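[1] Predicted model and sequence below, questions to follow.
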Amino acid sequence: MRAAILALALCVTSAAAASPAGELLERGLRSYAVGRYDEAIAAFQRGYELEARPDLLYALGQAQRMKGDCRAAVASYRAYLRTSPPERSAAPARQNLERCERELASAPPPTPPPAPEPQPAVVPAPSPPPVVVAPAPARRRVRDDRAAAVLAGVGGAAVVAGAVLWGVGEAGARSLADATTYDQYAAHGADADAFGRERIAGIVTLGVGGALVVVAVARWSWLYTHR
């Protein structure tokens with residue numbers, strides 16, 4: 001440590017404290033003397049920014065080497081030697097430069113930072129399938145039931161036809177019953193069976209037609225309540 005301080009003092013004996021750079025040099029030397037190398041480095045660098053003095057470069061290299069940053073010190077020593085200082089100042093600079101170069105050559109290569117661990121691939125969650133809303137079945141209206149309409153039409157026609165047949169047969173049967181003379185009865189007596197058949201056919205037709213109408217009304221009623 002003493003040798004380093006003496007060598008540094010030897011190289012900066014011509015430093016003038018009157019300038020701001022000189023004041024920073026003196027401040028850095030005081031910090032260097034007590035081992036506060038970071039403060040010394042900051043002062044020397046600031047002073048060199050204000051005034052490019054070779055003695056500041058050598059002082060900077062000394063502070064960097066004492067801090068243990070030989071790589072930065074090598075750059076500072078080389079910059080100082082490029083200013084062609086006097087031999088008494090250049091000799092210690094070359095010695096310290098060679099010392100730092102040997103130290104850097106023997107140092108193990110810097111360990112590269114560990115490679116980041118591969119992150120597992122994030123598989124996006126499958127999107128849910130679109131909800132398909134089935135259209136509501138069309139509601140059947142009462143008037144759309146063709147079967148009921150057909151049943152009602154056929155049943156109504158059968159009721160009318162049955163009523164006509166029954167009326168004709170009933171009228172013929174009454175004419176026979178109302179005959180007051182034999183001639184009147186004989187005139188329609190041959191038709192007595194026909195009148196009976198017409199009445200029976202009319203009654204059957206009326207029954208079938210009525211049933212068809214009832215079925216049609218029942219279908220319409222069911223559609224009306226379930227539409």
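    Looks like it came in fine.
[2] list the helices and strands the helix ranked longest in the chain packs on?
    Secondary structure of the chain read by DSSP state H shows that its longest helix is helix 192-226. For helix 192-226, the packing partners by 3 or more C-beta pairs under 8 Å, 6 or more residues apart in numbering; DSSP states H and E come out as helix 146-177. The C-beta positions use only the backbone N, C-alpha and C, and glycine is treated the same way.
[3] neighbours of the nearest residue to Pro54 once chain neighbours are set aside, just the number please.
    The shortest distance from Pro54 to any non-neighbouring residue, by C-beta to C-beta, 6 or more residues apart in numbering, is to Thr83 (4.0 Å). Residues lying near Thr83 (other C-beta atoms under 10 Å) number 14.
[4] confidence score at Thr83?
    On pLDDT, Thr83 comes in at 95.
[5] Next: Ala125.
    74.
[6] Neighbours of it, how many?
    Counted with other C-beta under 10 Å, Ala125 comes out at 6.
[7] what about it, which SS state?
    coil (DSSP: H, G, I helix; E, B strand; the rest coil).
[8] Next, it: phi, psi?
    phi -60, psi 140 (degrees, to the nearest 10).
[9] Which pLDDT value does the model give Glu153?
    Rather than Glu, residue 153 is Gly. At Gly153, the model reports a pLDDT of 85.
[10] Domains in the protein, by residue range?
    Domain assignment for the chain by automatic domain parsing gives 2-106, 142-226.
[11] Mean neighbour count, those domains: which tops it?
    With neighbours defined as mean count of other C-beta atoms under 10 Å, the domains of the chain peak in mean count at domain 2-106, which reaches a mean of 18.
[12] That one: how far from the chain's middle?
    Offset of domain 2-106 from its chain centre (C-alpha atoms, centre = their mean, to the nearest Å): 60 Å.
[13] Hmm, Ala42 and Leu24 touching each other?
    No: Leu24 is beyond contact range of Ala42, at 9.0 Å (criterion: C-beta atoms under 8 Å).
[14] what about the closest residue to Val204 other than its chain neighbours, distance to Arg94?
    Of all residues not flanking Val204 in the chain, Gly162 sits nearest, at 7.1 Å (C-beta to C-beta, 6+ apart). Using C-beta to C-beta, to the nearest Å, Gly162 is found at 141 Å from Arg94.
[15] With Arg36 instead?
    With distances taken as C-beta to C-beta, Arg36 is found 27 Å from Arg94.
[16] Now do the SS call for Pro113.
    For Pro113, the secondary-structure state derived from three-state DSSP is coil.
[17] and it, what are its phi and psi?
    Backbone torsions of Pro113, given as degrees, to the nearest 10, read phi -60, psi 140.
[18] Tell me how many other residues crowd it.
    For Pro113, using other C-beta under 10 Å, the count is 6.
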